[in-house]
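Colleague: dropping the sequence and predicted coords here.
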Amino acid sequence: ICWESDQAAARGLVSQIRDLVNVKDSFTRMNMERQQERQVRIDASQRELDEQHRRKAELEAIRHEFFALFSEKNPWKRGKALEAILNKYFAFAGLLISEAITVKGDLGAGVIEQIDGVIQIRGQLYLVEIKWEVETLGREKVAPHLVRVFSRGLAGGIIISYSDFSPAAVTDCKEALRDKIIVLCKLEELVRAIDKEASLKDLLHSKIDAAVIHKNPLFTPPV
């Protein structure tokens, strides 16, 4: 206002300053956005790392409980503890649908059926039977679970045993494969999977595929 002859030059300088400020602001905003994106990636990586540590600690706790069973002398306590630990393991693997189910009859009939657990694999439900017995598991031990499976529509069956399966029991399960998916699993397979931090889903997928494709309910995939 005071120096009219300098107004044009002043306006030009102000415009230059404004452009410089805008450029600086743009770089500042871009840098802030980059910093925010970087922080988001760092936070996501940290959450993933924390989740890995949490799952590793959870699996280690399952392993510790699992191995502690081998020193338990009471068969009933050992069997109930094994059932609970395996259900934890199934839940850890994202498979568990239900823990132990007790089916009772009419008034006074008492318990008529006991299912150790129910899991879901590839959209298919499987009733799980868990056995820890010293003697080889014979057909008389396998048959009740086959009956439970056959009485439940589309459900399949998995039997997990500490001991071996007798040839007759394996044969009965092979014959059942004509109508149902039946999988026989040794407890030591799960022990190896836990010890090596292998995928339980992959292990069971391999066993189910062998049962369906090759009619081998007792297939033991490498872990």
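Modeller: Great, that's in hand.

Colleague: kindly list the longest helix within the chain.
Modeller: Counting by DSSP state H, the longest helix found in the chain is helix 7-68.

Colleague: mean confidence score for that one?
Modeller: On average, the pLDDT along helix 7-68 is 85.

Colleague: got the CA positions of the helix or strand just after it in CSV?
Modeller: The helix or strand immediately downstream of helix 7-68 is helix 75-92, counting by DSSP states H and E. Output in CSV follows, covering the C-alpha atoms of helix 75-92 (Å, rounded to 0.1, in the frame of the first residue of the first chain):
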residue,chain,number,x,y,z
PRO,A,75,-6.4,-95.5,34.0
TRP,A,76,-9.6,-93.7,34.5
LYS,A,77,-7.9,-90.3,35.4
ARG,A,78,-5.5,-90.8,32.5
GLY,A,79,-8.4,-91.5,30.0
LYS,A,80,-10.4,-88.4,31.1
ALA,A,81,-7.3,-86.2,31.1
LEU,A,82,-6.4,-87.5,27.6
GLU,A,83,-9.9,-86.6,26.3
ALA,A,84,-9.6,-83.1,27.7
ILE,A,85,-6.1,-82.5,26.3
LEU,A,86,-7.0,-83.8,22.8
ASN,A,87,-10.0,-81.6,22.8
LYS,A,88,-7.7,-78.6,23.6
TYR,A,89,-5.5,-79.8,20.7
PHE,A,90,-8.4,-80.0,18.3
ALA,A,91,-9.5,-76.5,19.4
PHE,A,92,-6.0,-75.2,18.9
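
Colleague: buried residues, helix 75-92. List them.
Modeller: Using 16 or more other C-beta atoms under 10 Å as the test for burial, helix 75-92 gives 78-79, 81-92. Using the backbone N, CA and C atoms, a C-beta is placed for each residue, glycine as well.

Colleague: with stretch 28-40 instead?
Modeller: For stretch 28-40, it's none, nothing buried (16+ other C-beta under 10 Å).

Colleague: can you give the distance of it from its chain's centre?
Modeller: Offset of stretch 28-40 from its chain centre (C-alpha atoms, centre = their mean, to the nearest Å): 37 Å.

Colleague: repeat for stretch 139-149
Modeller: 26 Å.

Colleague: grab the most central residue of this protein for me.
Modeller: residue 93 (1.1 Å; C-alpha atoms, centre = their mean).

Colleague: look up phi and psi at that residue.
Modeller: phi -80, psi 0 (degrees, to the nearest 10).
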